[in-house]
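In: Here's a sequence, model it:
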Amino acid sequence: MAGDRFLPNEAPPITRKDGASMPRIQDVAAMALEGSVDQLLTAVKETPVDKRDWAPNETTRSALDVLVECAGIQRMVAAMLRGEAPDTEGGPSKEDYPTFEAAQALALETKTELAAAIRAVPDARLDEQVTMPWGAVMSVAEFLFLTSGHNMYHAGQVCYIQRLLGDTQMH
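Out: Prediction:
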């Protein structure tokens, strides 16, 4: 009937023209997350070492600040996907991860943690609604992609910092 929706576990299998099955949305979301972390890490790595902790003014943030924040958000989202209460108070800070190497290790650790949590979400939960700590409400299916978008937004900020420093190359 027009307008009816299949429940995720009742949907007919989707196959490509070549007969291969389509990946689950969870796998696509995990791959998007992994790519976004790699892009963010490349952007911070390509920022001059002496400018990774530099910000254009007192109301902006440095590339290192952004990297640590993104790693903390990844951990928070992983906890929420596992049904745990997210840490909305503390989270990691630049003081805890003062170097690129320390922040990179945290970002890679939380990338693995979140990708596993995303892949573990059962299809039956995709239509559930989840409320963010800041009040926004979205389906679990939408939530799976939140962090990759967040990371890419911040990767763009880091690239803009590079541009302010005179770097015109694509990295």
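In: Excluding covalently adjacent residues, which one is nearest to Q104?
Out: Closest residue to Q104 apart from its sequence neighbours, by CB to CB, 6 or more residues apart in numbering: L41 at 6.0 Å. In short, each C-beta sits where N, CA and C put it, glycine included.
In: element containing the one you found, please.
Out: Assignment of secondary structure by DSSP states H and E places L41 within helix 25-45.
In: picking that back up, can I assume the residue nearest to Q104 is in contact with A105?
Out: No. Using CB atoms under 8 Å as the test, L41 is too far from A105 to be in contact (10.6 Å).
In: So which of those two has more stuff around it?
Out: L41 (21 against 13; other CB atoms under 10 Å).
In: I'd like the distance between the more buried one and L64.
Out: Counting by CB to CB, to the nearest Å, the separation of L41 from L64 is 12 Å.
In: Need the overlap of contacts for the two.
Out: Taking CB atoms under 8 Å, 6 or more residues apart in numbering as the criterion, L41 and L64 do not both touch any residue.
In: Adjacent strands (with direction) for the worst-scoring helix or strand of the chain on mean pLDDT?
Out: Here the helix or strand of the chain ranked lowest by mean pLDDT, DSSP states H and E is strand 129-131, holding a mean of 92. Within its sheet, and counting by DSSP bridges, strand 129-131 is paired with strand 137-139 (antiparallel).
In: No further queries at this time; thank you.
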